[in-house]
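In: Mind folding the following:
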Amino acid sequence: MLPEDANIHIHTFSKDERLCSEVQIENLLQKKQKFFCHPIKCFYSVEPITEENSANQLVISVGKRFFKHAVDRNRIKRLLREAYRKHQHEILDPVFKNNNQRVQIFLIYVSKEISSYNLIEDKIIEVLHRLTIVNH
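Out: Numbering: from 1, shown residues only. Next up, the predicted model:
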């Protein structure tokens with residue numbers, strides 16, 4: 001059991017952190033702020049924090065073109081979400097929360113084969129670092 005006053009950060013990926021609105025996703029794609037870090041294409045938008053939503057938000061897409069089976073697409077999305085969940089609080093939050101900003105991220109997996117978790121985790125870390133560099 002954890003002590004109540006312990007300064008331990010629990011890594012979560014809550015509903016508030018999921019980008020679900022089609023309108024917001026379209027706006028994100030139209031802003032054309034993007035970069036590529038093989039096998040991930042990243043579209044992003046940095047906005048000031050508002051009262052209704054202060055969380056960084058993420059949406060992940062894996063195309064049917066290369067992965068015909070939903071099982072494969074879902075596996076890749078799970079790996080990407082897990083890597084993001086583990087590292088967002090230590091990389092993204094300090095930079096954006098201190099500047100009263102939030103970031104909306106759209107990740108598209110573009111490789112033709114399923115990568116290992118270690119490779120995906122390294123690439124997600126690289127994407128998150130590039131997002132923090134772009135903010136400065």
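
In: Which parts of the longest helix along the chain count as buried, going by neighbours?
Out: When the chain is parsed with DSSP state H, its longest helix is helix 70-98. Neighbour-count burial for helix 70-98, counted by 16 or more other CB atoms under 10 Å, picks out 73, 76, 79-85, 87-88, 91-92, 95-96. In this view, the C-beta of every residue, glycine as well, is placed from N, C-alpha and C.

In: ok, the next helix or strand after it: who's next to it in the sheet?
Out: Using DSSP states H and E, the helix or strand that directly follows helix 70-98 along the chain is strand 101-109. The pairing partners recorded for strand 101-109 under DSSP bridges are strand 40-48 (antiparallel), strand 57-62 (parallel).

In: next one: the shortest one to chain centre, how far?
Out: Averaging C-alpha positions (CA atoms, centre = their mean, to the nearest Å) puts strand 57-62 7 Å from its chain's average.

In: Tell me which of the strands paired with strand 101-109 lies nearest to residue 100.
Out: Residue 100 lies closest, by CB to CB, to one member of these: strand 40-48, at 6.1 Å.

In: Averaged pLDDT, that closest one. What do you get?
Out: In this model, strand 40-48 carries a mean pLDDT of 93.

In: What of stretch 118-129?
Out: Stretch 118-129 comes out at a mean pLDDT of 96.

In: buried stuff in that stretch?
Out: Counting neighbours by 16+ other CB under 10 Å, stretch 118-129 gives 120-121, 123-125, 127-128 as buried.

In: How about stretch 47-67?
Out: Residues of stretch 47-67 classed as buried by neighbour count (16+ other CB under 10 Å): 55-62, 67.

In: Specify which member of the residues you listed is nearest to residue 26.
Out: Of all the buried residues of stretch 47-67, residue 26 sits closest to residue 59, with 11.4 Å by CB to CB.

In: Number of residues surrounding the nearest residue to the closest one once chain neighbours are set aside?
Out: Residue nearest to residue 59 in three dimensions, not counting chain neighbours: residue 19, with 4.1 Å by CB to CB, 6 or more residues apart in numbering. The tally of other residues near residue 19 (other CB atoms under 10 Å) stands at 18.
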